[in-house]
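1. What follows is a protein structure lacking sequence information:
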């Protein structure tokens, strides 16, 4: 238990000394609880809608003043499944709230109603929805939506510690999903408030897909379409279609025009043996395709793994497809196609700063990449075929030796 949580629980326990079945909520409370049962507990709510109405509704029985930078509120969320958490700062400043759960396995904020319309958009609502909200903090909980785990519009800021953000899964289809057909665990778009900043620590973002029926059918873990920044430390990002349906896209991170920075993080896209999808729009770890070429993707000390080897269906895989700026140093890559599919590590017209040394051997890796980015040591090189020569990926080499230049001979590999 963190020091913040321990102190907050001590404060709540001190306040809850009179054994009554229902208690009023202090209009100036800085620590409140979200529980499945509030019997005998002060400053407590059993629903997220009642909680957020008290925080920001401004009506009778609500908080005297909305939370601010000098008057923050901590919400202690106990075990249980609660409704979606909405923070709408489109008309007035909202935010400055920390929601601390009992653990990602125990506290769940969920949107399963199939509704849309948060922030005036047509997108399906997530387990957590925010529009230009400032300094929202979430810890030790799960945000789940059958379509979107977290939906963020516009500016503001947030932090996520030991949180699971999850979308989709077997049977996850509602009226809204039947219209969109997409599964986006984290989804952000532009709106009021400029560029947002989001920080993730030890968290997981997982997209498992919905039952597709409208021809779009994307499974994307992080879909960032805004100008904001996402910083990810020591986490896991996974796009994993859960059914055999014919999805068009599966992507770990899809970046439009913002900035994504990851450190010690795994970005994975994988399918199982049951899938019949061909992924005509892409099966990839990272996609920074954007007409403006503004997207900036940086990763250090992690892994980008795109694995369709469990599928007999032809699935072409791409590690990173880019048109912005891709900086992937000290990062491991796995690109395993399905069936007779092809493997591509890097593709596009991005500025790639992503060198990679493949394991050495007598045969080059069966992979496509960009000029000068890939290397391997050929242990069967030279006239005697037992010398070790460094090979560099060279698109000008088109002979039988493949797209590799022998640096010892300064010639294309024979």
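-> All right, it came through fine. It should be emphasised that the depicted structure is a prediction, and the values quoted were computed from it without experimental measurement. Numbers count the residues shown, from 1 in each chain.

2. starting at the chain centroid, how far to whichever strand or helix holds residue 96?
-> Assessed by DSSP states H and E, residue 96 sits inside strand 95-100. Put simply, strand 95-100 sits 20 Å off its chain's centre (CA atoms, centre = their mean, to the nearest Å).

3. tell me the mean pLDDT over it?
-> Averaging pLDDT along strand 95-100 yields 99.

4. I'd like to know which elements that strand is packed against.
-> The elements that strand 95-100 packs onto, with contact taken as 3 or more CB pairs under 8 Å, 6 or more residues apart in numbering; DSSP states H and E, are helix 3-15, strand 73-77, strand 85-88, strand 126-145. Where you see a C-beta, it was placed from the backbone N, CA and C, and this is true even at glycine.

5. can you state the direction angle for it and strand 126-145?
-> 20 degrees (axes from the mean of the first three to the mean of the last three CA atoms, to 10 degrees).

6. Which residues does strand 95-100 contact?
-> Under the criterion CB atoms under 8 Å, 6 or more residues apart in numbering, residues 2, 4-5, 8, 34, 55, 67-69, 71-77, 85, 87, 89, 109, 133-141, 156-157 lie in contact with strand 95-100.

7. ok, now stretch 286-295?
-> For stretch 286-295, the external contacting residues (CB under 8 Å, 6+ apart) are 227, 251-260, 267, 296-297, 304, 319-326, 348, 350.

8. Please spell out the PyMOL selection for the buried subset of those.
-> Here is the PyMOL command that picks out the buried ones among the contacts of stretch 286-295, judged by 16 or more other CB atoms under 10 Å:
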select buried, resi 227+251+252+253+254+255+256+257+258+259+260+267+296+297+304+319+320+321+322+323+324+325+326+348+350
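
9. Inside strands: which ones of the contacts of stretch 286-295?
-> The strands, defined by DSSP state E, take in 251-255, 259-260, 267, 296-297, 304, 319-322, 325-326, 348 from those.

10. which stretches of the chain have low pLDDT?
-> Applying pLDDT under 70 to the chain picks out residues 1-23, 112-117, 119-123, 170-181, 211-216, 243-246, 273-274, 276, 290-292.

11. what residues are up against residue 333?
-> By CB under 8 Å, 6+ apart, residue 333 lies in contact with 303, 304, 305, 319, 345, 356.

12. ok, of those residues, which one's closest to residue 238?
-> When the contacts of residue 333 are ranked by distance to residue 238 (CB to CB), residue 305 comes first, at 9.4 Å.

13. re the thing from before, just want the angle from the strand holding residue 96 to strand 73-77.
-> On the basis of the same axes, to 10 degrees, strand 95-100 is oriented at 30 degrees to strand 73-77.

14. Give the pairing partners of strand 95-100; include direction for each.
-> Here strand 95-100 is paired, per DSSP bridges, with strand 73-77 (parallel), strand 126-145 (parallel).

15. what's the next secondary structure element after it?
-> Next along the chain after strand 95-100, taking DSSP H and E as the criterion, comes strand 107-111.

16. burial of residue 382, as a residue count?
-> Neighbourhood size, residue 382 [other CB atoms under 10 Å]: 14.

17. Quick check: closest non-adjacent residue to it.
-> What sits nearest to residue 382 in space, not counting adjacent residues and going by CB to CB, 6 or more residues apart in numbering, is residue 389, at 6.5 Å.

18. and if you look at residue 143?
-> Leaving aside its chain neighbours, residue 143 sits nearest to residue 127 (3.8 Å; criterion: CB to CB, 6+ apart).

19. Let me see the contact set for the one you found.
-> 84-85, 108-111, 142-145, 148-150, 165-166.

20. most centrally placed residue in this structure?
-> Nearest to the mean C-alpha position of the chain, by CA atoms, centre = their mean, lies residue 222 at 3.3 Å.

21. which SSE is that residue in?
-> Here residue 222, judged by DSSP H and E, is contained in strand 218-224.

22. who touches whichever helix or strand comes after that strand?
-> Helices and strands here follow DSSP H and E; after strand 218-224, the next one along the chain is strand 229-233. For strand 229-233, contacts defined as CB under 8 Å, 6+ apart pick out 195-203, 222, 224, 258-265.

23. Now the buried members of those.
-> When the contacts of strand 229-233 are checked for burial by 16+ other CB under 10 Å, the buried set is 195-196, 198-200, 202-203, 222, 224, 258-262, 265.

24. Relative to residue 86, how far out is residue 46?
-> 17 Å (CB to CB, to the nearest Å).

25. where do the strands sit along the stretch 151-300 of the chain?
-> Assigned strands in the stretch 151-300 of the chain, in chain order: 183-189, 197-201, 204-207, 218-224, 229-233, 236-239, 249-255, 259-263, 266-270, 282-288, 296-300 (criterion: DSSP state E, counting those that start in this stretch).

26. Throw those into TSV and include distance to residue 100, thanks.
-> What follows is these, written out as TSV (distance: least, CB to CB, whole Å):
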stretch	distance to residue 100
strand 183-189	20
strand 197-201	14
strand 204-207	18
strand 218-224	23
strand 229-233	19
strand 236-239	21
strand 249-255	27
strand 259-263	24
strand 266-270	25
strand 282-288	31
strand 296-300	29
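
27. I figured residue 361 hits residue 391, correct?
-> No: applying CB atoms under 8 Å, one finds residue 361 not in contact with residue 391, separated by 10.7 Å.

28. Please enumerate the shared neighbours of these two.
-> Joint contacts of residue 361 and residue 391 (CB under 8 Å, 6+ apart) are 376, 377, 378.

29. Just give me the closest of those to residue 94.
-> For these, the minimum distance to residue 94 (CB to CB) is 53.1 Å, reached by residue 376.

30. In which helix or strand does the closest one reside?
-> Using DSSP H and E, the element containing residue 376 is strand 374-381.

31. next SSE after that strand?
-> strand 387-393.

32. strand partners of that following strand, parallel vs antiparallel please.
-> In the sheet, strand 387-393 lines up against strand 374-381 (antiparallel), strand 404-406 (antiparallel) (DSSP bridges).

33. mind checking the backbone torsions on residue 51?
-> Per-residue torsions, residue 51: phi -60, psi -50 (degrees, to the nearest 10).

34. Which residue, other than its chain neighbours, is closest to it?
-> Nearest one to residue 51, counting by CB to CB, 6+ apart, is residue 45 at 4.2 Å.

35. and if you look at residue 58?
-> Setting aside the residues directly before and after it, residue 58 is nearest to residue 66 in space (CB to CB, 6+ apart), at 7.4 Å.

36. Fine by me, thanks again.
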